[in-house]
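A.B. asks: show me the folded form of this:
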Amino acid sequence: MVLTALTRFALPLAAGASARDGARRAATGPLSVHPDNPRYFADASGKAVYLTGSHTWASLQDTLPVGGRSTSFDYAAYLDFLEKHNHNFFRLWAWESTTWVSKDSRNALISPLPFARAGPGKALDGKPKFDVTRFNQAYFDRLRARVEAAQDHGCYVAVMLFQGFSVARKSRRRKGTPWTGHPLNKSNNRNGVDGDTDGDGDGYEAHTLGNPAVTRVQEAYVRKVIDMVNDLDNVIYEISNESHGDSTEWQYHFVRFIHEHEKHKPKQHPVWMSFQWDGIAGPGSNRNLWKSPAEAVSPARDDRDKSLHPYRGDPPATNAGKVVLCDTDHIWGVGGNVAWVWKSLTRGLQPIFMEPYKNSLWNPSANIEAKWDPVRRAMGHSLVLANRMDLAAMTPQDNLASTRYCLANPGREYLVYLPSGGEISMDLSATEELLAVEWFDPRRGKTIEAAGVRGGQQRTLTAPFAGHAVLYLVLAGSQQD
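C.D. replies: From the prediction side, this is the model:
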């Protein structure tokens, strides 16, 4: 038995090493759904791609807390942070309004926005009104530059288009609403476009198809985004972060709109639909995601349907033909644990983490950094292993392992998670050949190579260390680099 510190699983995360040393491949594309295994995207070479990484709120626009201390977001340092942790994906958060209202009703100012503030006349904040027929090119130049920089760091980027937290207060606890700073508030634009057609002081209707004038403005904006980044390989379009439950047809419309507009472009990119949530207008359902024309989805705990509730403790495999980006933002908010990362991987899901990044306006305390480092490291370790496997041939095979967390190409390759460590019983009847055995200790980030095991029947294997464990079996002599 050979103990190898930070090897195979974790070599790129060793002190002084770069994630480019082999664990994380360059972001090439554009991505498309893998034709043989739609749980994953495929890159330009046809190889299945596993996405995992941290995302945080201030990654695109500047934020300034009203009455508080300004927090400068260092985007270059953030990309270095992702590379250090061997992450290859993040959401580039976008905000539609000049203001954001927190749970305790603190306000923040956000800039730049996509539309020009050309006047004439003053908006509710005393600044020139928006002209929603004219774009603020500085916004789009920044968007492109940040996606390009991410590609240079080997990261795929979800370009977020709309933001549910920019059109309404979302919760009755909030005393204010970001709608007062939204360009589609009729008091804020020179064009008479009104996204609050029921006059209730929130802009829920802006994320529906109820007002054709609003939809036309939004379509022009989406076309502009596509035109700015279509030639880049590392793009995924996200329709909206947590729009309300009645936004379903509006989101479906924009999935189809993107597909149609890109049909005539050099490159076609996948589209992602995230879980719909609102504490006042009501949430959507995971079923809306499965039925959507989007290639990727992010489900959530669904309080109205307990059968769809297990994404925290026992994330279910899915055969819905979608790439599932299992996002802590829709499951905990900021949350998650190391076990959740490995459970997600072995169920054919791709875990991403809502990041309380140290330079974030909403979480400025450095004390929270260490708390979440195990989750960050686990995602990086999971990417190392995913890139070693023939992922396109791997599917969830719970029946092959006594712990029921098993991703396998039966007879050739098995990845198994043992939440409590100890013994595991494996059905290896699919091959008579010898399988190489590796154990990974998630707590210490170390791999132990063990004696091989011959298939042909049920086998019992025991982790050589205490605590939870990851087991990797692969047909001897067929390991990938």
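
A.B. asks: can you tell me the centre-most residue of this structure?
C.D. replies: residue 352 (4.8 Å; C-alpha atoms, centre = their mean).

A.B. asks: centre of the chain to the lengthiest helix in the chain, how far?
C.D. replies: When the chain is scanned for its longest helix (criterion: DSSP state H), the result is helix 368-388. Here helix 368-388 is found 14 Å from its chain centre; the criterion is C-alpha atoms, centre = their mean, to the nearest Å.

A.B. asks: let me see the mean pLDDT of the helix or strand just after it.
C.D. replies: Helices and strands here follow DSSP states H and E; after helix 368-388, the next one along the chain is strand 395-396. Strand 395-396 shows a mean pLDDT of 97.

A.B. asks: and if you look at stretch 343-356?
C.D. replies: Taken as a whole, stretch 343-356 has a mean pLDDT of 96.

A.B. asks: start and end of it, how far apart?
C.D. replies: 22 Å (C-alpha to C-alpha, to the nearest Å).

A.B. asks: you'd agree residue 379 is up against residue 89?
C.D. replies: No - contact criterion C-beta atoms under 8 Å: residue 379 and residue 89 do not qualify, at 9.4 Å. Quick note: C-beta positions are derived from backbone N, CA and C, even for glycine.

A.B. asks: quick check: neighbours shared by the two?
C.D. replies: Residues touching both residue 379 and residue 89 by C-beta atoms under 8 Å, 6 or more residues apart in numbering: 52, 53, 352.

A.B. asks: residues near the closest residue to residue 475 other than its chain neighbours, how many?
C.D. replies: The shortest distance from residue 475 to any non-neighbouring residue, by C-beta to C-beta, 6 or more residues apart in numbering, is to residue 412 (4.8 Å). Number of residues near residue 412 (other C-beta atoms under 10 Å) recorded here: 19.

A.B. asks: also residue 230?
C.D. replies: The burial count for residue 230: 16, using other C-beta under 10 Å.

A.B. asks: let's verify the residue lying closest to it once chain neighbours are set aside: helix, strand, or coil?
C.D. replies: In this structure, residue 230 finds its nearest non-sequential neighbour in residue 265, 4.6 Å apart by C-beta to C-beta, 6+ apart. Secondary structure for residue 265, judged by DSSP: H, G, I helix; E, B strand; the rest coil, is coil.

A.B. asks: and the spatially closest residue to residue 52 that is not a sequence neighbour, how far is that from residue 340?
C.D. replies: Closest residue to residue 52 apart from its sequence neighbours, by C-beta to C-beta, 6+ apart: residue 379 at 4.4 Å. With distances taken as C-beta to C-beta, to the nearest Å, residue 379 is found 10 Å from residue 340.

A.B. asks: again, but for residue 106
C.D. replies: 30 Å.

A.B. asks: which one of the two has more residues nearby?
C.D. replies: Set residue 106 next to residue 340 and count neighbours by other C-beta under 10 Å: residue 340 wins out with 24 against 17.

A.B. asks: A helix includes that one, no?
C.D. replies: Yes - secondary structure assignment places residue 340 in a helix (three-state DSSP).

A.B. asks: residue 181 reaches residue 96, doesn't it?
C.D. replies: No - with contact defined as C-beta under 8 Å, residue 181 does not count as touching residue 96 (9.1 Å).

A.B. asks: which one of those two has more residues nearby?
C.D. replies: residue 96 (29 against 25).

A.B. asks: for the more buried one, which non-adjacent residue is closest in space?
C.D. replies: That would be residue 166: by C-beta to C-beta, 6+ apart, it lies 3.6 Å from residue 96.

A.B. asks: which SSE is the closest residue to residue 331 other than its chain neighbours in?
C.D. replies: Among residues not flanking residue 331 along the chain, residue 311 sits closest, at 4.9 Å (C-beta to C-beta, 6+ apart). Residue 311 belongs to no helix or strand when elements are defined using DSSP H and E.

A.B. asks: where does the stretch 351-481 of the chain dip in pLDDT?
C.D. replies: Where the stretch 351-481 of the chain drops to pLDDT under 70, the residues are 359-369, 479-481.

A.B. asks: try it again at 50.
C.D. replies: In the predicted model of the stretch 351-481 of the chain, residues 359, 366, 481 satisfy pLDDT under 50.

A.B. asks: mind listing the strands for it?
C.D. replies: With strands called from DSSP state E, counting those that start in this stretch, the stretch 351-481 of the chain shows them at 395-396, 406-409, 413-418, 423-427, 434-441, 446-454, 458-462, 469-475.
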